[in-house]
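Here you go, sequence then predicted model.
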Amino acid sequence: MIQTTIIPKVFKILIYFTGLNILSLGTVFFTVCHLGASPLVSLPLAISTILPITLGQSTTSLFAFFVLVQLTLKKKLEWKIISQFIVAFLFGNIVDFYNTSIGLKHLVLTSIDFKILMLLLANILTAIGVVIMIRANFVLNPPDGLVNTLSEKTHNSFGKTKVLFDLTMILSTLALSILFIGNVSIIGIGTLVAVILVGNLVSLCNKVVKKYVPIKSDNKNN
């Protein structure tokens, strides 16, 4: 019983936590390159720039809001949604660990070559983190959870809903930047690169990771 129930569950948690760490590092790298943040990172970054809070605290607050929206739309308490509060808390704290505790936010890249390299690493790490978390088949992160709920409620595909969600994040960031920051540097070429690259990298990474982190549906297809 221990081998068939407890160990697999512990393994899934470890895999999920690994993906969460990688995704958090990708998030921080987007802020370090200063070429424009991904849609997911842009709004928390804008909020943390405006308010006296850290990037991690801003991310946790926004993710928690996403969870509340899901619960409101569902009109009932579901553990698979409530558990996303835990993910929001963990993700924000891991982001602050890399960004503040380790001090990556103080990293200054003066060369455009290093900035581009950091941008590419941010995209790659984001994609790998997302894929590993998906393969763990544990809990959706709050943004994907909200997209999934909106997709169900509007009867649109997940992909189409995700595009609209990302566009909303970008427009919200632009609005806050213009009103409170005075520039729109958070949105840049890096944002466009993320929109184009991350989805394609997720598809590519999924094919690779699938071989090492199988889930039940994979086994059924074999």
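On my side now, so go ahead.

what mean pLDDT would you report for the helix ranked longest in the chain?
In terms of residue count, the longest helix belonging to the chain (DSSP state H) is helix 7-33. For helix 7-33, mean pLDDT is 91.

Quick check: next helix or strand after that helix?
Following helix 7-33 in sequence order, the next helix or strand is helix 39-50 (DSSP states H and E).

so who does Val131 touch?
With contact set as CB atoms under 8 Å, 6 or more residues apart in numbering, Val131 has these partners: 19, 202, 205-206, 209. No exception for glycine: its C-beta is placed from N, CA and C like everyone else's.

what about stretch 35-43, how long is it end to end?
Taking CA to CA, to the nearest Å, the first and last residues of stretch 35-43 lie 15 Å apart.

residues making contact with that stretch?
27, 30-31, 45, 62, 115-116, 119, 122-123, 126, 143, 165-167, 169-170, 172-173, 176, 185-195, 198.

Out of the helices and strands in the protein, which is least certain?
helix 216-221 (a mean of 50; mean pLDDT, DSSP states H and E).

Check the offset of the longest helix of the chain from the chain's centre.
10 Å (CA atoms, centre = their mean, to the nearest Å).

next one: stretch 162-177
Using CA atoms, centre = their mean, the offset of stretch 162-177 from its chain centre is 15 Å.

Buried residues in that stretch, which are they?
Buried residues in stretch 162-177, defined by neighbour count with 16 or more other CB atoms under 10 Å: 162-163, 165-166, 169-170, 173-174, 176-177.

got the angle for whatever helix or strand Val95 lives in vs helix 7-33?
Secondary structure assignment for Val95, by DSSP H and E: helix 84-96. Orientation check (axes from the mean of the first three to the mean of the last three CA atoms, to 10 degrees): helix 84-96 against helix 7-33 gives 50 degrees.

for the record, mean pLDDT for helix 84-96?
Per-region confidence: helix 84-96 scores 97 on mean pLDDT.

Show me what that helix packs onto, helices and strands only.
When contacts are defined as 3 or more CB pairs under 8 Å, 6 or more residues apart in numbering; DSSP states H and E, helix 84-96 packs onto helix 7-33, helix 55-74, helix 142-154.

how big is the angle separating the last one from helix 84-96?
The one in question is helix 142-154. Using the same axes, to 10 degrees: helix 142-154 against helix 84-96 is 140 degrees.

Following the chain past helix 142-154, name the next helix or strand.
The helix or strand immediately downstream of helix 142-154 is helix 158-176, counting by DSSP H and E.

Other residues contacting that following helix?
Against helix 158-176 from outside (CB under 8 Å, 6+ apart): 37, 39-40, 42-43, 45-47, 50, 143, 146-148, 150-151, 154, 184, 186-187, 191, 195.

Buried among those? Need that as a selection in ChimeraX.
To isolate the buried members of these in ChimeraX, using 16+ other CB under 10 Å:
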select :37,39,40,42,43,45,46,47,143,146,147,148,150,151,186,187,191
